[in-house]
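Asks: After the sequence you'll find the predicted model.
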Amino acid sequence: MVKNKKRSYAQYHLDLGQSDFNFHNCSTCGFKYSPGDESDEKTHKEFHKNYTHGIQFKGWSVERLIHMPTMEGGRIVMVLDCDSNAQKNKVKEVVNLMEIELGNGFIFHKFCKVLLFILSNRVAGCLIAEPIEKAFKVISNSTDRCNDAINTKEERAKPTILKFGDISFQRETVKRSHSASNTNQLDEDVGGAVICEEVPVPAVCGIRAIWVSPVNRRKRIATHLLEAVRKSFSTGFVLERSQLAFSPLTCSGKALAVSYIGKRSFLVYKSNILNSVEST
């Protein structure tokens, strides 16, 4: 005779648009959890820490360090597709976090070079670069509307549009809610169109994505990452700032590009999203 095994039960809910199931949505990290539930509280606390400060990083015995003599504090590590699974898995963790703000499924593929900014045993920032062959020059006055919107803290929900002659490419950013009190955040997505010249120019390095954890913004980490990729992307020579090309940007990204390049006209390119697959 076979005894009946003890049954276990799990409670499920149908989400039909109800305003609440006693869940709380964190305004900073976007994590939805049930207050008072010990497991949920613990999971949220860990996720919130990783989101705001960066994922924990204990270091590797062998690291591809990029020496930056002008940088005080922290270090920059490069990861390539030929590196160990442990290193590539860490990159995937960081990319998953980046996708909360930058959108899903387009950031990383096996031909990318990934730069991690390590600070206080956490990944405080990440830059993902890829080899490209051509880019388009932005017409300088097309960024004015975007910069004016940032200066007046005007928020809009329009996507970024790139125009090459009669052809337009549109990128929408899927984002979580953020704290309205954080005036230093760089991730405001203020809409606007970037108008480009129709004739492409030769280009080598494309900045596919760049991200800094919220509490570490305004610390020049993004600038250090851009300096490091200029130095390390091509063997034997250092790229000029004006030789870096950027994938479709949010307005905060446009502001970073203008500030870093030193002029309103910079290079942009269209990433081949269809061929973007995670390295294995």
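Replies: Good, I have the coordinates. Residues are numbered from 1 along each chain as shown.
Asks: Could you point out the longest strand of this structure?
Replies: Secondary structure of the chain per DSSP state E: the longest strand is strand 122-131.
Asks: what residues are up against the nearest residue to residue 261 once chain neighbours are set aside?
Replies: Distances taken as C-beta to C-beta, 6 or more residues apart in numbering place residue 241 nearest to residue 261, at 5.4 Å, with adjacent residues excluded. C-beta: built from backbone N, CA, C; applies to glycine. Residue 241 sits next to 226, 230, 260, 261, 262 when contact means C-beta atoms under 8 Å, 6 or more residues apart in numbering.
Asks: hmm, which two among those residues are most spread apart?
Replies: 230 and 262 (13.4 Å; C-beta to C-beta).
Asks: which one of these two has more residues nearby?
Replies: Set side by side, residue 230 and residue 262 show more neighbours around residue 230, with 18 against 9, by other C-beta atoms under 10 Å.
Asks: Secondary structure class of the more buried one, three-state.
Replies: helix (DSSP: H, G, I helix; E, B strand; the rest coil).
Asks: Could you measure from it over to residue 215?
Replies: 26 Å (C-beta to C-beta, to the nearest Å).
Asks: Please tell me how far residue 244 sits from residue 43.
Replies: 38 Å.
Asks: What is the neighbour count of residue 29?
Replies: 21.
Asks: hmm, back to that, who has more neighbours, residue 244 and residue 43?
Replies: Neighbour comparison, residue 244 and residue 43: the larger count goes to residue 244, with 23 against 13 (by other C-beta under 10 Å).
Asks: is it true that that one touches residue 208?
Replies: No. Residue 244 is beyond contact range of residue 208, at 11.3 Å (criterion: C-beta atoms under 8 Å).
Asks: low-scoring stretches of the chain, by residue?
Replies: 1-21, 105, 141-193, 272-280 (pLDDT under 70).
Asks: what domains does the record give for it?
Replies: 24-53, 60-139+192-268 (the TED database).
Asks: okay, those domains, which one's buried deepest?
Replies: Most buried of the domains of the chain by mean neighbour count (mean count of other C-beta atoms under 10 Å) is domain 60-139+192-268; its value is a mean of 18.
Asks: can you give me the end-to-end distance of that domain?
Replies: 34 Å (C-alpha to C-alpha, to the nearest Å).
Asks: So which of the contacts of residue 241 are in helices?
Replies: 226, 230, 260, 261 (DSSP state H).
Asks: now the closest residue to the first one other than its chain neighbours: how far from residue 41?
Replies: The reference is to residue 226. Excluding the flanking residues, the one nearest residue 226 by C-beta to C-beta, 6+ apart is residue 260, at 5.6 Å. Per C-beta to C-beta, residue 260 is found 40 Å from residue 41.
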